[in-house]
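Asks: sequence plus predicted model, see below.
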Amino acid sequence: MKLIVYKGFNEEFLSKVNEEPLVDSDIAVKLDVLKFDKKTRKQLDMALLSMEESDEAWVTYSEFTLIKNRIYDAIQEDGLEVVIFTNNLYPDYYPLPFTLSGELVTEIEKNLNSNIIEDCSEECKKVLRYI
């Protein structure tokens with residue numbers, strides 16, 4: 001079993017990847033953490049659990065982050081091989097394929113270095129999980 005993780009790649013690049021995605025969904029959705037919910041996590045969990053020895057699939061780094069604990073378990077228990085490709089063209093910049101409102105940007109900046117995020121909006125919490 002092999003899971004390939006793409007970190008920092010845009011929609012155009014991901015649409016040309018030859019391997020099958022872990023979960024078949026629109027690439028724009030795979031990149032938009034604001035659309036992630038319990039259903040997204042469960043779909044990824046189930047797909048990971050159903051991988052066979054000869055399977056190879058890919059996920060975005062955001063998807064990886066959503067189920068990283070399950071992936072770490074699969075590495076130890078099932079011998080899952082994980083390869084992370086990082087886009088080194090812009091090492092400190094990752095494209096956001098979705099827009100953030102000015103209010104959300106302000107809220108994210110305010111809470112970026114805080115250990116307590118309970119007072120954040122749900123959208124802010126989703127973004128902070130992946131930073």
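Replies: Yes, it's here.

Asks: where along the protein do the helices fall?
Replies: 11-14, 27-31, 38-49, 61-66, 68-78, 102-111, 122-129 (DSSP state H).

Asks: what helices or strands is the fourth one leaning on?
Replies: Helices and strands touching helix 61-66, as assessed by 3 or more CB pairs under 8 Å, 6 or more residues apart in numbering; DSSP states H and E, comprise strand 2-7, helix 27-31, helix 38-49. C-beta coordinates here come from the backbone N, C-alpha and C atoms, glycine included.

Asks: returning to that earlier point: any idea which of the helices of the chain gets closest to Glu20?
Replies: helix 38-49 (10.1 Å; CB to CB).

Asks: give the buried residues for that closest one.
Replies: Thr40, Gln43, Leu44, Asp45, Ala47, Leu48 (16 or more other CB atoms under 10 Å).

Asks: which ones are touching Val17?
Replies: By CB atoms under 8 Å, 6 or more residues apart in numbering, Val17 lies in contact with Tyr6, Trp58.

Asks: can you tell me how far it sits from Val59?
Replies: From Val17 across to Val59, the span is 11 Å (CB to CB, to the nearest Å).

Asks: now do the shared contacts for those two.
Replies: Residues within reach of Val17 and of Val59 at once, by CB under 8 Å, 6+ apart, are Tyr6.

Asks: could I get the helices of the chain as TSV with distance to Lys2 and mean pLDDT?
Replies: Formatted as TSV, the helices of the chain follow (distance: least, CB to CB, whole Å; pLDDT from 0 to 100):
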stretch	distance to Lys2	mean pLDDT
helix 11-14	17	90
helix 27-31	18	87
helix 38-49	12	94
helix 61-66	13	91
helix 68-78	11	93
helix 102-111	34	81
helix 122-129	25	77
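
Asks: winner for burial among those helices?
Replies: helix 61-66 (a mean of 21; mean count of other CB atoms under 10 Å).
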